[in-house]
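Visitor: need a structure here:
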Amino acid sequence: MKVKAISDERVKAIKSLARLIWRNYSPYELQQKLKFEWNKTSKKTKFIPLYTLKKNEVLSCAIFGSGSFLTGRKELEYAREIKNDLGWSPIEYKLVVTNKTASNARTIFREFKDFGLNYVELDFKSWYRKKYNKRSKSPIKETRFFYPPGSPSADGLPQEKEIEKNFNIRKEFDRSLNKAIMKYGSFPSSISLRGYNFPVFKTLIPSMYKVIVDDTHPADMSYLDKKTKLQLYAGWQSHATQKMKDDNHSLYRSSLIAVDLLDSFTDSQKVDTGILYSLSPGISPPKKWSSLAIQINMKQTEDYFFNVLKATGLFPYLWGISESLEEVEYRTLGRATKIKQRLLIVGNQIKSGKDAWGQSLDDLKYIKSIL
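Guide: Numbering: from 1, shown residues only. Predicted structure coming up:
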(Lines give C-alpha, C1' and ligand atoms only; values in the text may rest on other atoms or scores of the structure.)
Protein backbone atom coordinates (compact mmCIF):
# COMPACT_ATOMS: atom_id res chain seq x y z
CA MET A 1 0.00 0.00 0.00
CA LYS A 2 1.17 3.54 -0.80
CA VAL A 3 0.48 4.77 2.70
CA LYS A 4 2.34 8.07 2.42
CA ALA A 5 0.65 8.93 -0.89
CA ILE A 6 -2.79 8.27 0.62
CA SER A 7 -1.97 10.45 3.63
CA ASP A 8 -0.49 13.26 1.54
CA GLU A 9 -3.55 13.42 -0.72
CA ARG A 10 -5.92 13.80 2.23
CA VAL A 11 -3.77 16.37 4.02
CA LYS A 12 -3.35 18.42 0.83
CA ALA A 13 -7.11 18.49 0.23
CA ILE A 14 -7.86 19.74 3.75
CA LYS A 15 -5.12 22.38 3.66
CA SER A 16 -6.42 23.63 0.32
CA LEU A 17 -9.95 24.05 1.68
CA ALA A 18 -8.65 25.71 4.86
CA ARG A 19 -6.69 28.28 2.82
CA LEU A 20 -9.78 29.03 0.73
CA ILE A 21 -11.92 29.55 3.83
CA TRP A 22 -9.51 31.58 5.96
CA ARG A 23 -8.54 33.91 3.12
CA ASN A 24 -12.18 34.92 2.88
CA TYR A 25 -13.55 34.62 6.41
CA SER A 26 -12.50 34.98 10.00
CA PRO A 27 -13.66 32.16 12.31
CA TYR A 28 -16.33 34.48 13.71
CA GLU A 29 -17.56 35.47 10.23
CA LEU A 30 -17.67 31.83 9.16
CA GLN A 31 -19.71 30.95 12.23
CA GLN A 32 -22.25 33.66 11.48
CA LYS A 33 -22.61 32.39 7.91
CA LEU A 34 -23.05 28.82 9.10
CA LYS A 35 -25.75 29.78 11.59
CA PHE A 36 -27.71 31.21 8.65
CA GLU A 37 -27.13 28.00 6.64
CA TRP A 38 -28.24 25.81 9.56
CA ASN A 39 -31.52 27.71 9.85
CA LYS A 40 -32.14 27.09 6.14
CA THR A 41 -31.20 23.39 6.32
CA SER A 42 -33.56 22.44 9.12
CA LYS A 43 -36.62 24.32 10.36
CA LYS A 44 -37.53 21.65 12.93
CA THR A 45 -34.15 21.14 14.58
CA LYS A 46 -32.17 24.05 15.98
CA PHE A 47 -28.39 23.78 15.60
CA ILE A 48 -25.85 25.75 17.60
CA PRO A 49 -22.04 25.93 17.30
CA LEU A 50 -19.93 23.51 19.33
CA TYR A 51 -18.35 26.66 20.72
CA THR A 52 -19.83 30.13 20.27
CA LEU A 53 -17.15 32.61 19.27
CA LYS A 54 -16.91 36.27 20.14
CA LYS A 55 -15.71 38.75 17.54
CA ASN A 56 -11.97 38.39 16.82
CA GLU A 57 -11.84 35.19 18.92
CA VAL A 58 -10.19 31.92 17.93
CA LEU A 59 -10.14 28.72 19.93
CA SER A 60 -7.14 28.12 22.15
CA CYS A 61 -5.89 24.55 22.50
CA ALA A 62 -3.90 22.27 24.78
CA ILE A 63 -2.47 19.05 23.38
CA PHE A 64 -2.44 16.15 25.85
CA GLY A 65 -0.23 13.09 25.33
CA SER A 66 1.46 10.33 27.30
CA GLY A 67 3.93 8.55 25.04
CA SER A 68 5.73 9.26 21.80
CA PHE A 69 3.63 12.37 21.09
CA LEU A 70 3.83 11.56 17.36
CA THR A 71 0.29 12.63 16.54
CA GLY A 72 0.50 15.65 18.85
CA ARG A 73 3.69 16.67 17.10
CA LYS A 74 2.08 16.25 13.69
CA GLU A 75 -0.83 18.48 14.71
CA LEU A 76 1.56 21.22 15.79
CA GLU A 77 3.51 20.79 12.55
CA TYR A 78 0.34 21.37 10.51
CA ALA A 79 -0.58 24.31 12.74
CA ARG A 80 2.80 25.90 12.04
CA GLU A 81 2.35 25.38 8.29
CA ILE A 82 -1.09 26.98 8.20
CA LYS A 83 0.16 29.90 10.32
CA ASN A 84 3.03 30.45 7.90
CA ASP A 85 0.60 30.34 4.96
CA LEU A 86 -1.96 32.72 6.44
CA GLY A 87 0.10 34.86 8.79
CA TRP A 88 -2.24 33.93 11.67
CA SER A 89 -3.52 30.79 13.42
CA PRO A 90 -7.13 29.55 13.20
CA ILE A 91 -6.38 27.54 16.37
CA GLU A 92 -4.09 29.09 18.98
CA TYR A 93 -2.00 26.35 20.57
CA LYS A 94 -1.19 27.25 24.19
CA LEU A 95 -0.10 24.16 26.09
CA VAL A 96 1.60 20.79 25.86
CA VAL A 97 0.34 18.62 28.72
CA THR A 98 1.52 15.20 29.86
CA ASN A 99 0.93 12.84 32.76
CA LYS A 100 4.13 10.90 32.21
CA THR A 101 7.70 12.09 32.71
CA ALA A 102 8.95 9.42 30.31
CA SER A 103 6.84 10.77 27.45
CA ASN A 104 8.28 12.74 24.56
CA ALA A 105 6.21 15.79 25.48
CA ARG A 106 9.08 17.99 26.65
CA THR A 107 11.01 17.42 23.41
CA ILE A 108 7.94 18.38 21.36
CA PHE A 109 7.38 21.44 23.53
CA ARG A 110 10.92 22.64 22.86
CA GLU A 111 10.55 22.05 19.12
CA PHE A 112 7.46 24.26 18.94
CA LYS A 113 8.34 26.77 21.63
CA ASP A 114 8.15 29.55 19.03
CA PHE A 115 4.36 29.11 19.21
CA GLY A 116 4.45 30.60 22.70
CA LEU A 117 3.57 27.24 24.22
CA ASN A 118 3.68 26.49 27.92
CA TYR A 119 4.58 23.07 29.31
CA VAL A 120 2.63 21.19 31.98
CA GLU A 121 3.90 17.90 33.35
CA LEU A 122 2.29 16.12 36.27
CA ASP A 123 3.68 12.63 36.45
CA PHE A 124 0.95 10.30 37.67
CA LYS A 125 3.32 7.69 39.09
CA SER A 126 5.13 10.26 41.23
CA TRP A 127 1.86 11.91 42.24
CA TYR A 128 0.33 8.57 43.27
CA ARG A 129 3.36 7.41 45.22
CA LYS A 130 3.51 10.70 47.07
CA LYS A 131 -0.18 10.75 47.99
CA TYR A 132 -1.15 7.08 48.29
CA ASN A 133 1.50 4.41 48.20
CA LYS A 134 5.19 5.27 48.09
CA ARG A 135 6.07 1.59 47.50
CA SER A 136 3.74 1.15 44.52
CA LYS A 137 5.36 -0.76 41.67
CA SER A 138 2.74 0.00 39.01
CA PRO A 139 0.51 3.00 39.89
CA ILE A 140 -1.35 3.04 36.56
CA LYS A 141 -2.19 -0.66 36.69
CA GLU A 142 -3.09 -0.48 40.38
CA THR A 143 -5.61 2.32 39.75
CA ARG A 144 -7.32 0.82 36.72
CA PHE A 145 -11.10 1.20 36.77
CA PHE A 146 -12.25 0.67 33.17
CA TYR A 147 -12.95 -2.85 31.94
CA PRO A 148 -14.40 -2.72 28.40
CA PRO A 149 -16.71 -5.35 26.89
CA GLY A 150 -14.82 -8.61 26.52
CA SER A 151 -12.85 -8.17 29.75
CA PRO A 152 -12.53 -11.18 32.11
CA SER A 153 -15.66 -12.48 33.79
CA ALA A 154 -16.84 -10.95 37.05
CA ASP A 155 -14.83 -13.54 38.99
CA GLY A 156 -11.63 -12.23 37.43
CA LEU A 157 -12.31 -8.54 38.13
CA PRO A 158 -11.53 -6.56 41.29
CA GLN A 159 -14.33 -5.93 43.76
CA GLU A 160 -16.57 -2.98 42.88
CA LYS A 161 -15.38 -1.05 45.94
CA GLU A 162 -11.80 -1.36 44.71
CA ILE A 163 -12.76 -0.20 41.22
CA GLU A 164 -14.66 2.78 42.64
CA LYS A 165 -11.68 3.70 44.82
CA ASN A 166 -9.47 3.71 41.73
CA PHE A 167 -12.02 5.85 39.88
CA ASN A 168 -11.90 8.45 42.65
CA ILE A 169 -8.09 8.48 42.69
CA ARG A 170 -7.98 9.26 38.99
CA LYS A 171 -10.64 11.91 39.53
CA GLU A 172 -8.47 13.54 42.18
CA PHE A 173 -5.48 13.46 39.84
CA ASP A 174 -7.39 15.51 37.28
CA ARG A 175 -8.15 18.07 39.99
CA SER A 176 -4.42 18.38 40.59
CA LEU A 177 -3.76 18.62 36.85
CA ASN A 178 -6.30 21.43 36.63
CA LYS A 179 -4.33 23.41 39.22
CA ALA A 180 -1.11 22.87 37.29
CA ILE A 181 -2.72 24.17 34.08
CA MET A 182 -4.38 27.18 35.72
CA LYS A 183 -0.99 28.48 36.81
CA TYR A 184 -0.62 29.68 33.22
CA GLY A 185 -3.81 31.74 33.27
CA SER A 186 -7.13 30.91 31.67
CA PHE A 187 -8.04 27.35 30.75
CA PRO A 188 -7.87 26.59 26.99
CA SER A 189 -11.15 26.46 25.08
CA SER A 190 -10.27 23.14 23.43
CA ILE A 191 -8.23 20.04 24.21
CA SER A 192 -6.70 17.65 21.68
CA LEU A 193 -6.18 14.24 23.27
CA ARG A 194 -3.39 12.68 21.21
CA GLY A 195 -2.20 9.39 22.65
CA TYR A 196 -3.23 10.47 26.14
CA ASN A 197 -3.64 7.28 28.15
CA PHE A 198 -6.14 8.45 30.79
CA PRO A 199 -9.86 9.21 30.64
CA VAL A 200 -10.78 12.82 31.47
CA PHE A 201 -12.83 13.90 34.46
CA LYS A 202 -14.97 16.97 35.08
CA THR A 203 -12.50 17.91 37.80
CA LEU A 204 -9.99 18.80 35.06
CA ILE A 205 -12.08 21.64 33.65
CA PRO A 206 -13.27 24.64 35.70
CA SER A 207 -17.05 24.67 35.90
CA MET A 208 -17.35 28.15 34.37
CA TYR A 209 -15.48 27.15 31.21
CA LYS A 210 -16.85 25.78 27.94
CA VAL A 211 -14.19 23.43 26.56
CA ILE A 212 -14.34 21.15 23.50
CA VAL A 213 -12.47 17.91 24.21
CA ASP A 214 -11.78 15.72 21.19
CA ASP A 215 -9.95 12.43 20.91
CA THR A 216 -8.61 10.45 17.98
CA HIS A 217 -9.56 6.80 18.33
CA PRO A 218 -7.90 3.99 16.29
CA ALA A 219 -11.09 2.20 15.28
CA ASP A 220 -14.52 2.77 13.76
CA MET A 221 -16.77 4.15 16.49
CA SER A 222 -19.87 4.11 14.29
CA TYR A 223 -20.32 0.50 15.42
CA LEU A 224 -22.30 -0.14 18.60
CA ASP A 225 -22.81 -3.26 20.65
CA LYS A 226 -26.36 -4.39 19.91
CA LYS A 227 -27.18 -5.04 23.56
CA THR A 228 -25.40 -2.31 25.53
CA LYS A 229 -25.56 0.39 22.79
CA LEU A 230 -22.00 1.31 23.76
CA GLN A 231 -19.22 1.62 21.20
CA LEU A 232 -18.17 -1.83 20.04
CA TYR A 233 -14.51 -1.04 19.50
CA ALA A 234 -13.44 0.66 22.70
CA GLY A 235 -9.84 0.17 23.80
CA TRP A 236 -6.47 1.64 22.93
CA GLN A 237 -3.96 1.32 20.12
CA SER A 238 -3.87 -2.04 18.34
CA HIS A 239 -6.31 -3.63 20.82
CA ALA A 240 -9.22 -1.78 19.19
CA THR A 241 -7.89 -2.60 15.73
CA GLN A 242 -7.59 -6.27 16.69
CA LYS A 243 -11.27 -6.33 17.65
CA MET A 244 -12.15 -5.10 14.16
CA LYS A 245 -9.84 -7.69 12.66
CA ASP A 246 -11.51 -10.43 14.73
CA ASP A 247 -14.86 -9.31 13.28
CA ASN A 248 -13.49 -9.66 9.73
CA HIS A 249 -13.63 -6.02 8.68
CA SER A 250 -11.93 -5.17 5.41
CA LEU A 251 -12.12 -1.37 5.75
CA TYR A 252 -10.45 0.22 8.78
CA ARG A 253 -11.44 3.73 9.78
CA SER A 254 -10.40 5.85 12.74
CA SER A 255 -12.73 8.15 14.63
CA LEU A 256 -12.72 11.67 16.00
CA ILE A 257 -14.95 11.61 19.04
CA ALA A 258 -16.24 13.95 21.69
CA VAL A 259 -15.04 12.94 25.13
CA ASP A 260 -17.70 12.42 27.78
CA LEU A 261 -16.22 13.87 30.95
CA LEU A 262 -16.45 11.46 33.86
CA ASP A 263 -17.91 12.57 37.16
CA SER A 264 -19.69 9.98 39.32
CA PHE A 265 -18.81 6.27 39.44
CA THR A 266 -21.87 5.51 37.29
CA ASP A 267 -19.87 7.10 34.45
CA SER A 268 -17.09 4.53 34.70
CA GLN A 269 -18.16 2.70 31.53
CA LYS A 270 -18.22 5.89 29.44
CA VAL A 271 -14.54 5.66 28.54
CA ASP A 272 -14.15 5.89 24.75
CA THR A 273 -17.74 6.98 24.39
CA GLY A 274 -19.04 10.25 23.08
CA ILE A 275 -20.62 11.81 20.04
CA LEU A 276 -18.89 10.78 16.84
CA TYR A 277 -17.62 13.99 15.26
CA SER A 278 -15.98 12.40 12.24
CA LEU A 279 -14.84 9.17 10.63
CA SER A 280 -11.73 9.04 8.48
CA PRO A 281 -11.83 7.78 4.86
CA GLY A 282 -10.17 4.52 5.98
CA ILE A 283 -7.80 1.99 4.42
CA SER A 284 -8.22 -1.58 3.19
CA PRO A 285 -4.91 -3.25 4.13
CA PRO A 286 -3.67 -6.65 2.93
CA LYS A 287 -5.19 -9.48 4.96
CA LYS A 288 -1.76 -10.63 6.06
CA TRP A 289 -1.16 -7.41 8.01
CA SER A 290 -1.27 -7.82 11.79
CA SER A 291 -3.44 -5.53 13.89
CA LEU A 292 -0.28 -3.73 14.99
CA ALA A 293 0.80 -3.15 11.38
CA ILE A 294 -2.67 -1.83 10.54
CA GLN A 295 -2.68 0.50 13.52
CA ILE A 296 0.81 1.84 12.85
CA ASN A 297 -0.07 2.69 9.25
CA MET A 298 -3.43 4.17 10.26
CA LYS A 299 -1.53 6.74 12.31
CA GLN A 300 -0.23 8.16 9.07
CA THR A 301 -3.36 7.87 6.94
CA GLU A 302 -6.18 8.30 9.48
CA ASP A 303 -4.72 10.19 12.46
CA TYR A 304 -2.96 12.73 10.24
CA PHE A 305 -6.33 13.36 8.57
CA PHE A 306 -7.76 14.40 11.95
CA ASN A 307 -4.58 16.25 12.95
CA VAL A 308 -4.76 18.57 9.96
CA LEU A 309 -8.53 18.93 10.34
CA LYS A 310 -8.04 20.34 13.86
CA ALA A 311 -4.83 22.30 13.19
CA THR A 312 -6.42 24.18 10.27
CA GLY A 313 -9.58 24.93 12.27
CA LEU A 314 -11.99 23.16 9.91
CA PHE A 315 -12.85 21.21 13.02
CA PRO A 316 -14.58 22.39 15.12
CA TYR A 317 -15.65 25.64 13.42
CA LEU A 318 -17.65 23.93 10.65
CA TRP A 319 -19.51 21.69 13.11
CA GLY A 320 -22.84 22.45 14.74
CA ILE A 321 -24.87 20.41 17.20
CA SER A 322 -28.60 20.15 17.83
CA GLU A 323 -30.08 21.56 21.02
CA SER A 324 -32.47 18.61 21.23
CA LEU A 325 -31.94 14.86 21.35
CA GLU A 326 -32.86 13.11 18.11
CA GLU A 327 -32.72 9.55 16.81
CA VAL A 328 -29.28 8.82 15.34
CA GLU A 329 -28.54 5.62 13.44
CA TYR A 330 -25.35 3.65 14.15
CA ARG A 331 -23.94 0.45 12.68
CA THR A 332 -23.84 -2.90 14.47
CA LEU A 333 -22.58 -6.28 13.28
CA GLY A 334 -26.17 -6.98 12.33
CA ARG A 335 -28.94 -4.52 11.62
CA ALA A 336 -28.31 -0.84 12.25
CA THR A 337 -29.61 0.52 15.55
CA LYS A 338 -30.81 3.92 16.67
CA ILE A 339 -30.01 5.82 19.85
CA LYS A 340 -31.11 9.17 21.22
CA GLN A 341 -28.32 11.67 20.73
CA ARG A 342 -27.75 15.24 19.66
CA LEU A 343 -27.40 15.58 15.89
CA LEU A 344 -24.34 17.02 14.19
CA ILE A 345 -24.31 19.28 11.16
CA VAL A 346 -21.15 20.01 9.15
CA GLY A 347 -21.34 22.88 6.69
CA ASN A 348 -24.98 22.49 5.69
CA GLN A 349 -25.14 18.67 5.78
CA ILE A 350 -26.48 16.66 8.73
CA LYS A 351 -23.71 14.16 9.49
CA SER A 352 -24.23 11.90 12.51
CA GLY A 353 -23.67 8.30 13.56
CA LYS A 354 -23.06 5.95 10.65
CA ASP A 355 -23.27 8.95 8.30
CA ALA A 356 -20.53 10.86 10.16
CA TRP A 357 -18.55 13.40 8.16
CA GLY A 358 -15.20 12.47 6.57
CA GLN A 359 -15.77 9.00 5.15
CA SER A 360 -15.06 10.41 1.69
CA LEU A 361 -13.06 13.42 0.53
CA ASP A 362 -16.21 14.36 -1.39
CA ASP A 363 -17.43 15.78 1.93
CA LEU A 364 -15.01 18.66 1.35
CA LYS A 365 -16.87 19.55 -1.85
CA TYR A 366 -20.13 20.07 0.05
CA ILE A 367 -18.42 22.63 2.22
CA LYS A 368 -16.94 24.46 -0.77
CA SER A 369 -20.40 24.70 -2.30
CA ILE A 370 -21.74 26.95 0.47
CA LEU A 371 -18.80 29.38 0.56
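Visitor: now the strands for the chain?
Guide: 47-49, 59-65, 91-98, 118-121, 190-193, 212-217, 255-258, 276-279, 319-330, 337-346, 349-350 (DSSP state E).
Visitor: pLDDT score assigned to Lys43?
Guide: For Lys43, the pLDDT comes out at 79.
Visitor: Please tell me how far it sits from Ala180.
Guide: Note on Lys43: its distance to Ala180, by CB to CB, to the nearest Å, is 46 Å. Using the backbone N, CA and C atoms, a C-beta is placed for each residue, glycine as well.
Visitor: who has more neighbours, these two?
Guide: Ala180 (12 against 7; other CB atoms under 10 Å).
Visitor: From Val97, how far off is that one?
Guide: Applying CB to CB, the value for Ala180 to Val97 is 8 Å.
Visitor: what does Trp319 give?
Guide: Distance, Trp319 to Val97, using CB to CB: 23 Å.
Visitor: Same question for Lys299.
Guide: Lys299 is 20 Å from Val97, by CB to CB.
Visitor: do the same with Gly334
Guide: Gly334 sits at a distance of 40 Å from Val97 (criterion: CB to CB).
Visitor: the more surrounded of the two?
Guide: Between Gly334 and Val97, counted using other CB under 10 Å, the more crowded position is Val97 (27 against 7).
Visitor: could you pull out the helices for the stretch 151-300 of the chain?
Guide: Secondary structure of the stretch 151-300 of the chain (DSSP state H, counting those that start in this stretch): helices at 160-182, 238-246, 291-298.
Visitor: okay, those in TSV with mean pLDDT and distance to Ser7 next?
Guide: Below are those laid out as TSV (pLDDT from 0 to 100; distance: least, CB to CB, whole Å):
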stretch	mean pLDDT	distance to Ser7
helix 160-182	96	32
helix 238-246	92	17
helix 291-298	95	9
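Visitor: Ok, which of those comes nearest Ile212?
Guide: Smallest distance to Ile212 across these (CB to CB): 15.6 Å, for helix 160-182.
Visitor: So which elements touch that closest one?
Guide: If you count contacts as 3 or more CB pairs under 8 Å, 6 or more residues apart in numbering; DSSP states H and E, helix 160-182 packs onto strand 91-98, strand 118-121, helix 124-131.
Visitor: And the contacts of it?
Guide: Residues outside helix 160-182 that contact it (CB atoms under 8 Å, 6 or more residues apart in numbering): 62, 95, 97, 99, 120, 122, 124, 127-128, 131-132, 142-145, 147, 157-158, 187-188, 198-201, 203-206, 262-263, 265, 268.
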